[in-house]
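Enquirer: compute the structure for the input listed below.
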Amino acid sequence: MKKTFIIIASLLIILSVALPAVSVDGAGARVAVLEWSVNAADEHSYIGPALTDMLSSRLGSEPTILLERSDKVKEALSPLTSGTVTEEEALKAAVALGVDFVLFGSVTVLGESVSLDAKLLNVKSKLSKPLYASGNDISSVIAMADSVSKGAVSEIKKTFSTKEPVDITYTGIFKEESAQKTGVTAAPGAGDGEGFIVVTRKTNPEDKVSTWRSANQDDFYHAMSTADLDGDGTEEFFLMSRSKLLIADFGPKGLTAKMSLDNNTPGSINIYISSADIDGDGTPEVYVSSLTSGVAETYLIEYSDGEYKRADHSVFKGRFARAVDFGNGETALIAQGFRPARGYLSKVIRITKGPGGYVDAGKITLPREIIREGLFGYHFFDLTGEGERELVRIGERGSLQVYRADEKGEWSIYWTSPESFGGTLNTFDTPENTSDGDTLIFVTVRGDFIQADLDGDGKSEILLKKNNTEGFGKYARRKTRFKDGFASALSWGVANLEEEWRTKDISGYIADFTLTDLDGDGKNEITLLVVEGTGLFLKGSKETSYLLTHGL
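Expert: As a prediction, this is how the structure comes out:
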């Protein structure tokens, strides 16, 4: 064992000396890497300085990152008295150095397990991004340093993007405006995009808004997510149809397809897609729930060697999975089993990612009706602003429901909206394709919503969609088309949800939406996934899909 330590120590020292960190003059993000603290026996003390040098080398090799010299970093930290650098001390050192970001943290060795716990502190916003990596032995430190540095670079590029801002200009066509609410103010607009937001409670004369529409895509894309998997500082679009996944970038020429991933098995259908950084390494994962020959499963989309690839893990076999807001700013991965003869199974679990990969972290408590109706359409957060973690979901008939838990953790309904939202064409038949009388047995995947502080007032808003049926279609159990829809933002008032703003009615079916900085100006835009010509949701249908974006 001692011989192994000597070999690893020599390798770490060679790597850190061979790739020295230097400071470069010019434009870019200025970053300081502090010396790593070590929580381990004395024989592992070499890891701290070596890890600091490795991270410095990797960050310094990025052309858009300017690394502060190590002697200046030590000088800035010299007044500190504690052995472990706190966020407050890191911020003071960063201000003294005049850098934009500071990376610091600790390495812990417990038996054969090693973990890196880092923080990337944004000096301007004073917010820190946790970064994490773990391994099963000392030799994994090098790969762990690569993982943490990749996450740090991705976060830095989100702020200091090399991508030129893109002018998103309205190019689409809306249906003629229908009757809207009275007594509200039309939001200010720019050019042809004026009037996209037709209901608003808050206006700012200095706001400039614009809208953009992509070219039509010849497929029925019924869900989407965005994530920066390739680490270039901008998010890719992952558009999901039943049989494939289209991965695309947005740039001056609009939406550009990078690659298409077809389902592995004929007849397999994609159900749901979400993304989140579950393991805390700074790089998100993309999770796709699918159904193959009646068997539920979830697979991952990963980026390596310049390609997007599918990865399967045993813990997801027989289960749908998705990322959810779990409260207190935390994102979690939850999963639920599905069987053709039984439907959704009676246990929802949380899945975490540790040194050995993805593991079952145990059952979570939910109301019976939510478990019975499936994994989709709910999140956990403080909606009312009273400091309580609440469960918010879109119910069976589209009503928005707020649950609260008692001292025993049992959930009960606190409030229900009088109007309905949502509306989805994302359904699938049970594999047996059985019938109950004249009614086909099918499963509905509930539409999702987003919670975020959209206006910066410290309170959560809910961003959601509403699709409208026409004629007798509104009474059908299985919807086959929608005439139009809109997106809306709601916030909690004194005793109920109040509408903050609403878009125009958009002809067609709003399949999904996301918040992302599409044009690289540092502000999020709402991007809607719209489908035209909706009919029966079947493979081979002639519907077309497009993205419609509006600056908030």
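
Enquirer: so where's the stretch 51-200 of the chain uncertain?
Expert: Regions of the stretch 51-200 of the chain meeting the criterion pLDDT under 70 cover residues 80-83, 160-200.

Enquirer: from residue 427, how far off is the closest residue to residue 377 other than its chain neighbours?
Expert: Closest residue to residue 377 apart from its sequence neighbours, by C-beta to C-beta, 6 or more residues apart in numbering: residue 446 at 3.1 Å. All C-beta spots, glycine's among them, are computed from the backbone N, C-alpha and C. The span separating residue 446 from residue 427 equals 10 Å under the rule C-beta to C-beta, to the nearest Å.

Enquirer: what does residue 157 give?
Expert: 39 Å.

Enquirer: more neighbours, the two?
Expert: Looking at residue 157 and residue 427 with other C-beta atoms under 10 Å, you find the greater number of neighbours at residue 157, namely 20 against 16.

Enquirer: thinking again about what came up before, do you know the pLDDT at the residue nearest to residue 377?
Expert: You'll see residue 446 listed with a pLDDT of 84.

Enquirer: residue 225 falls within a strand, correct?
Expert: Yes: secondary structure assignment places residue 225 in a strand (DSSP: H, G, I helix; E, B strand; the rest coil).

Enquirer: burial of it, as a residue count?
Expert: Neighbourhood size, residue 225 [other C-beta under 10 Å]: 26.

Enquirer: next: residue 494.
Expert: By the other C-beta under 10 Å criterion, the neighbourhood of residue 494 contains 6 residues.

Enquirer: tell me the SS of it?
Expert: coil.

Enquirer: give me the phi and psi for it.
Expert: Here the main-chain torsion angles of residue 494 (degrees, to the nearest 10) amount to phi -70, psi -50.

Enquirer: let's see the pLDDT reported for it.
Expert: Residue 494 carries a pLDDT score of 83 in this model.

Enquirer: can you tell me how far it is from residue 504?
Expert: Looking at residue 494 against residue 504, where the rule is C-beta to C-beta, the gap reads 29 Å.

Enquirer: and what of residue 254?
Expert: Spatial separation of residue 254 from residue 504 under the definition C-beta to C-beta is 22 Å.

Enquirer: quick one: the helices in this structure, in order.
Expert: Assignment of helices within the chain using DSSP state H yields the ranges 2-18, 47-60, 70-77, 87-97, 141-159, 368-373.

Enquirer: isn't the residue nearest to residue 377 right up against residue 424?
Expert: Yes: taking C-beta atoms under 8 Å as the contact criterion, residue 446 and residue 424 are neighbours in contact, 6.5 Å apart.

Enquirer: looking at the two, which is more packed in?
Expert: Neighbours per residue, other C-beta under 10 Å: of residue 446 and residue 424, the larger number sits with residue 424, 25 against 20.

Enquirer: just for the stretch 301-450 of the chain, where's the confidence low?
Expert: For the stretch 301-450 of the chain, the stretches flagged by pLDDT under 70 are 355, 430-441.

Enquirer: and the strands in it?
Expert: Ranges of strands in the stretch 301-450 of the chain, per DSSP state E, counting those that start in this stretch, are 307-312, 319-327, 330-339, 343-354, 357-363, 378-381, 390-394, 399-405, 411-420, 427-429, 435-436, 439-440, 442-444, 450-452.

Enquirer: list the buried residues for the first one?
Expert: Using 16 or more other C-beta atoms under 10 Å as the test for burial, strand 307-312 gives residue 308.

Enquirer: who's in contact with that strand?
Expert: Strand 307-312 is touched from outside by 229, 247, 258, 259, 261, 264, 297, 299, 300, 301, 302, 303, with contacts defined as C-beta atoms under 8 Å, 6 or more residues apart in numbering.

Enquirer: from residue 519, how far off is the second one?
Expert: Just to be clear, that refers to residue 247. As for residue 247, its distance to residue 519 is 19 Å (criterion: C-beta to C-beta).

Enquirer: what's the answer for the fifth one, then?
Expert: Counting by C-beta to C-beta, the gap between residue 261 and residue 519 amounts to 26 Å.

Enquirer: between these two, which one's more packed in?
Expert: For residue 261 versus residue 519, neighbours defined as other C-beta under 10 Å are more numerous around residue 519 (22 against 19).

Enquirer: from the contacts of strand 307-312, which shows the smallest pLDDT?
Expert: residue 264 (83).

Enquirer: which residue, neighbours along the chain excluded, lies closest to it?
Expert: Computed as C-beta to C-beta, 6+ apart, the closest residue to residue 264 that is not its neighbour in sequence is residue 310, at 7.0 Å.

Enquirer: who does the one you found bridge with?
Expert: Residue 310 has the following beta-bridge partners by DSSP bridges: residue 301.

Enquirer: make 38 the starting number, not 1.
Expert: Got it, first residue is 38 now, which makes that one residue 347.

Enquirer: re earlier: which among the contacts of strand 344-349 end up buried?
Expert: Listed as buried from these are 266, 284, 298, 334, 336, 337, 338, 340; burial here means 16+ other C-beta under 10 Å.

Enquirer: the closest residue to residue 122 other than its chain neighbours: neighbour count?
Expert: Of all residues not flanking residue 122 in the chain, residue 141 sits nearest, at 5.2 Å (C-beta to C-beta, 6+ apart). Taking other C-beta under 10 Å as the criterion, the count of residues near residue 141 is 27.

Enquirer: go ahead and confirm residue 141 touches residue 158.
Expert: Yes: if you go by C-beta under 8 Å, residue 141 and residue 158 touch, sitting 7.5 Å apart.

Enquirer: quick check: neighbours shared by the two?
Expert: Common contacts of residue 141 and residue 158, defined by C-beta under 8 Å, 6+ apart, comprise residue 127.

Enquirer: who does residue 391 bridge with?
Expert: Applying DSSP bridges to residue 391 gives these bridge partners: residue 394.

Enquirer: ok, the nearest residue to residue 409 once chain neighbours are set aside - contacts?
Expert: Counting by C-beta to C-beta, 6+ apart, residue 409 lies nearest to residue 381, which is 6.6 Å off, once chain neighbours are set aside. When contacts are counted by C-beta under 8 Å, 6+ apart, residue 381 touches 373, 374, 375, 408, 409, 410, 411, 412.

Enquirer: tell me, how many residues neighbour the fourth one?
Expert: Using other C-beta under 10 Å as the criterion, residue 408 is surrounded by 17 other residues.

Enquirer: ok, the fifth one next?
Expert: Taking other C-beta under 10 Å as the criterion, the count of residues near residue 409 is 12.

Enquirer: could you do the third one as well?
Expert: Neighbouring residues of residue 375 were enumerated by other C-beta under 10 Å; the total is 22.

Enquirer: and it, how far from residue 387?
Expert: Here the distance between residue 375 and residue 387 works out to 17 Å (C-beta to C-beta).

Enquirer: next one: the first one
Expert: Computed as C-beta to C-beta, the residue 373 to residue 387 distance reads 11 Å.

Enquirer: nearest residue to residue 561 in space, please, no chain neighbours.
Expert: The spatially closest residue to residue 561, leaving aside those adjacent along the chain, is residue 552, at 4.6 Å (C-beta to C-beta, 6+ apart).

Enquirer: count the neighbours of the one you found for me.
Expert: Residue 552 sits with 15 neighbouring residues when counted by other C-beta under 10 Å.

Enquirer: repeat for the one 10 residues further on
Expert: The local packing of residue 562 (other C-beta under 10 Å) involves 20 other residues.

Enquirer: same deal with the one 4 residues further on?
Expert: Residue 566 is surrounded by 24 other residues when neighbours are defined as other C-beta under 10 Å.

Enquirer: picking up where we left off before, now do the contacts for the residue nearest to residue 561.
Expert: By C-beta under 8 Å, 6+ apart, the contact set of residue 552 is 487, 489, 500, 561, 562, 563, 564.

Enquirer: can I get those residues in a markdown table including distance to residue 546?
Expert: Conversion of the contacts of residue 552 to a markdown table gives the following (distance: C-beta to C-beta, whole Å):
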| residue | distance to residue 546 |
| --- | --- |
| 487 | 18 |
| 489 | 24 |
| 500 | 18 |
| 561 | 23 |
| 562 | 21 |
| 563 | 17 |
| 564 | 15 |
